[in-house]
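> Okay, predicted coordinates and the sequence, questions at the end:
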Amino acid sequence: MIVIMSFLTSSIRRYLWETKKREVSFLKVIRHFQAKSSKIMELIVKPVSFADFLLDEFLETCRLCVMDLRKRLSTAQKIRIQVSEIVLA
């Protein structure tokens, strides 16, 4: 489960940032996959069904596990700004 969550979380983070400029909450992802763990363990031995399930869960997680909007910038956003300023300089 840890490997699956880690693998999907990095893809979800990249997808949400590139499409919506939003960040994913890792804690929400963990809770989401904990709730789905019995289904994951059931399908893991069926490659085609498991792949279909992971795609559906990827999209659902992108929808449900977005961080709430905040008035201040997150640490990740501050780092991205600093890196882009360094690259442009």
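Okay, I see it. Residues are numbered from 1 along each chain as shown.

> Do a quick rundown of the helices in the chain.
2-20, 26-35, 37-43, 47-64, 75-88 (DSSP state H).

> count of residues packed around the residue lying closest to Ser74 once chain neighbours are set aside?
Excluding the flanking residues, the one nearest Ser74 by Cβ to Cβ, 6 or more residues apart in numbering is Glu23, at 6.2 Å. (Each C-beta comes from the backbone N, C-alpha and C, glycine too.) For Glu23, the tally of surrounding residues (other Cβ atoms under 10 Å) stands at 20.

> Please apply the same query to Ile12.
Ile12: 22 neighbours (other Cβ under 10 Å).

> For it, give its distance to Leu54.
11 Å (Cβ to Cβ, to the nearest Å).

> what residues are up against the closest residue in space to Phe58 that isn't next to it in sequence?
In space, and not counting its chain neighbours, Phe58 is closest to Leu8: 6.1 Å by Cβ to Cβ, 6+ apart. Neighbour list for Leu8: 29, 33, 54, 57-58, 61 [criterion: Cβ atoms under 8 Å, 6 or more residues apart in numbering].

> now those residues: which count as buried?
29, 33, 54, 57, 61 (16 or more other Cβ atoms under 10 Å).

> same for the helix or strand of the chain with the lowest mean pLDDT, what does it pack against?
Ranked by mean pLDDT, DSSP states H and E, the helix or strand of the chain with the weakest confidence is helix 75-88, at a mean of 84. Contacts defined by 3 or more Cβ pairs under 8 Å, 6 or more residues apart in numbering; DSSP states H and E place helix 75-88 against no helix or strand at all.

> Now do the contacts for Ser37.
Met1.

> what sits up against the least confident helix or strand of the chain?
By Cβ under 8 Å, 6+ apart, helix 75-88 touches 23, 73.

> Convert the C-alpha atoms of it to CSV, please.
Extracted C-alpha coordinates of helix 75-88, given in CSV (Å, rounded to 0.1, in the frame of the first residue of the first chain):
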residue,chain,number,x,y,z
THR,A,75,6.3,26.4,1.2
ALA,A,76,6.3,24.5,-2.1
GLN,A,77,4.9,27.6,-3.9
LYS,A,78,7.6,29.8,-2.3
ILE,A,79,10.3,27.4,-3.5
ARG,A,80,8.9,27.3,-7.0
ILE,A,81,8.9,31.1,-7.1
GLN,A,82,12.5,31.3,-5.9
VAL,A,83,13.7,28.7,-8.3
SER,A,84,12.0,30.4,-11.3
GLU,A,85,13.6,33.7,-10.3
ILE,A,86,17.0,32.1,-10.2
VAL,A,87,16.5,30.5,-13.6
LEU,A,88,15.4,33.8,-15.1
